[in-house]
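based on what follows, work out the 3D shape:
(one chain, ligands or ions: 1)
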Amino acid sequence: MSKININKSWKYDESLESTSHIKLKDKYDLFIGGEFVKPLSKKYFNTLNPATNQSIAEIADANDKDIDKAVKSARKAFNSWSKLDPKERGKYIFRIARMIQERAKEFAVIESIDGGKPIRESRDIDIPLAANHFFYHAGWADKLEYAFPNKKPTPLGVAGQIIPWNFPLLMAAWKIAPAIACGNTVVLKPAESTSLTALKLAELIQDSGLPKGVVNIVTGAGKTGAAIVNHPDINKIAFTGSTEVGKLIERSLAGIEKKTTLELGGKGANIIFEDAAIDQAVEGIVNAIFFNQGHVCCAGSRLFIQESVADIVIEKLKDRISTLIVGDPLDKNTDIGAINSVEQLKTIEKYIEIGKKEGGEIYQSKCSLPKKGNWCPPTLFLNVSQSHTIVQEEIFGPVLAIQTFRTIDEVIEKANNTPFGLSAGVWTEKGSKIFRLTKELNAGVVWANTYNKFDPSSPFGGFKESGMGREGGLHGLKSYLKFE
Ligand code: ADP
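Next comes the predicted model:
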């Protein structure tokens, strides 16, 4: 076995992204009917910077009456927006995409301050992908009849959209762009801990001249989300978040005529065969579980290594994670930023304790952690099996459960043995193995010799407790349309 030689004393100088170009208000109201309006609830809450736990701004806490106002505004706008020449709809959406690109740096910095993700990720992934979603759907606006030949697609009406805190602007783009491209209008609620980039998007939408009421952005926590779900004049609910809340939503919508898409949790299997390019696979493992602090529904949080290469992969993985820098999200050197909230940190720590109690062998990088804020070092668990809690349940943090396997049948069986079915990764040089696994793994997306690659043209979604429906691509468009 070749000896790995990594210079552990390597030190990087701080390289902080500037914040002088960002404009944030102290207080944010609700974006309804194209204007920022005070909440009827008269209530506000604080949004915190997870790297310091200090307040950044006050955010309006919408109640049932506020939601009703937003839905009425969306309904009114639907009458004209749905009848607008689709080519004109496309132009507005195209303009929003261009404006996101122009303001990309401001969005990236705010995303990192509010959500804790490393600036390299918000700058290179979240914001460009958000713009791409608007570009892609702008293109479809006047081509829906080509997308679905011999059918007459028409919009559904008002879409209620509820998004999580892990990819705030990207999820907003992911939801708004297809909905309005198809001629619907929307009421969108960002997650309570990360509302800022959605509210900046509201400012951008105001500047873009999009007809008033086509996009309404309301803020608040679970109760506000429930008010959207239960509003009688909403035609479609698009939800991304936890399986627990997804189940609640399904229960409250049972028997009611509202289209629903649910993108929920996951416990992705990342499978390394002995014929894989090992160094690339190790990079893939790191990306699969430590990207965005592991706050990723499709994270590769279960690693399966073929027994003959397990020792070398684990050795290389331990070395690699000891070089990962955990710290200030605004530092361009940072690999792993802040855990999104105190509550989420507690959840992760609870799972780490359970992992240890149930006999897992823990390995954590000895990296230094900042004194203030919410942090978790990259964590590996060895000697775990299918029955361990940390192998079965979604942790949503930088914690990887590692198992080995001997045969392809064994790994398929193990990989499919969870309540989830969202994502998987396969590392091998054999195309035949890739094809067999893409067919037999019960996962909405299977990446081959890569991981966490996203594209607006590619449908995304899960099986089993990972949800239902697809977002992105033609499948995603379809769920915002009805066919006469
Ligand atoms: P997480 O566990 O990742 O925080 P949640 O499912 O709790 O995910 O949150 C995802 C989104 O769902 C957030 O915008 C949150 O405010 C919203 N939400 C939470 N509870 C409810 C509910 N009962 N009904 C509708 N939306 C909800």
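
what is the burial count for the nearest residue to residue 412 once chain neighbours are set aside?
The shortest distance from residue 412 to any non-neighbouring residue, by CB to CB, 6 or more residues apart in numbering, is to residue 440 (5.0 Å). Heads up, the C-betas are built off the backbone N, CA and C, glycines and all. Here the number of neighbours of residue 440 (other CB atoms under 10 Å) works out to 15.

buried ones in stretch 460-467?
For stretch 460-467, burial by neighbour count (16 or more other CB atoms under 10 Å) applies to 460-462, 464-467.

which residues does residue 352 contact?
Residues in contact with residue 352 (CB atoms under 8 Å, 6 or more residues apart in numbering) are 362, 379, 399.

taking the stretch 151-300 of the chain, what residue is nearest to the ligand?
Closest residue of the stretch 151-300 of the chain to the ligand, CB to the nearest ligand atom: residue 225 (2.2 Å).

wait, is that residue part of a helix?
Yes: assessed with DSSP: H, G, I helix; E, B strand; the rest coil, residue 225 lies in a helix.

could I get the contacting residues of residue 37?
Taking CB under 8 Å, 6+ apart as the definition, contacts of residue 37 comprise 29-31, 69.

residue 44 too?
Residues in contact with residue 44 (CB under 8 Å, 6+ apart) are 27, 58-61.

who's it bridged to?
For residue 44, the beta-bridge partners are residue 60 (DSSP bridges).

list the buried ones in the helix or strand residue 262 falls within?
In the assignment (DSSP states H and E), residue 262 maps to strand 259-263. Buried residues in strand 259-263, counting neighbours by 16+ other CB under 10 Å, are found at 259-263.

what segments of the stretch 151-300 of the chain are helices?
Per DSSP state H, counting those that start in this stretch, the stretch 151-300 of the chain carries helices over the ranges 168-181, 196-208, 222-229, 243-253, 278-290.

if we ignore the residues flanking it in sequence, what's nearest the residue in the stretch 251-400 of the chain that the ligand sits nearest to?
Per CB to the nearest ligand atom, residue 396 is where the stretch 251-400 of the chain lies closest to the ligand, at 6.5 Å. Nearest residue to residue 396, sequence neighbours excluded (CB to CB, 6+ apart): residue 295, at 5.5 Å.

the stretch 101-250 of the chain: strands as residue ranges?
Counting by DSSP state E, counting those that start in this stretch, the stretch 101-250 of the chain has strands at residues 153-155, 158-162, 185-189, 215-217, 236-240.

report whether the last one contacts the ligand.
The reference is to strand 236-240. No: using CB under 6 Å from any ligand atom, we find that strand 236-240 stays clear of the ligand, coming within 6.7 Å at best.

hey, what's the angle from that strand to strand 259-263? Just curious.
If you take axes from the mean of the first three to the mean of the last three CA atoms, to 10 degrees, strand 236-240 sits at 0 degrees to strand 259-263.

so what strands line up beside strand 236-240?
Partner strands and pairing direction for strand 236-240 (DSSP bridges) are strand 158-162 (parallel), strand 259-263 (parallel).

and the stretch 51-200 of the chain, which of its residues are near the ligand?
Residues of the stretch 51-200 of the chain lying near the ligand (CB under 6 Å from any ligand atom): 162-165, 189, 191-192.

I'd like to know which of those residues is nearest to residue 416.
Using CB to CB, residue 164 comes nearest to residue 416 of those, at 25.0 Å.
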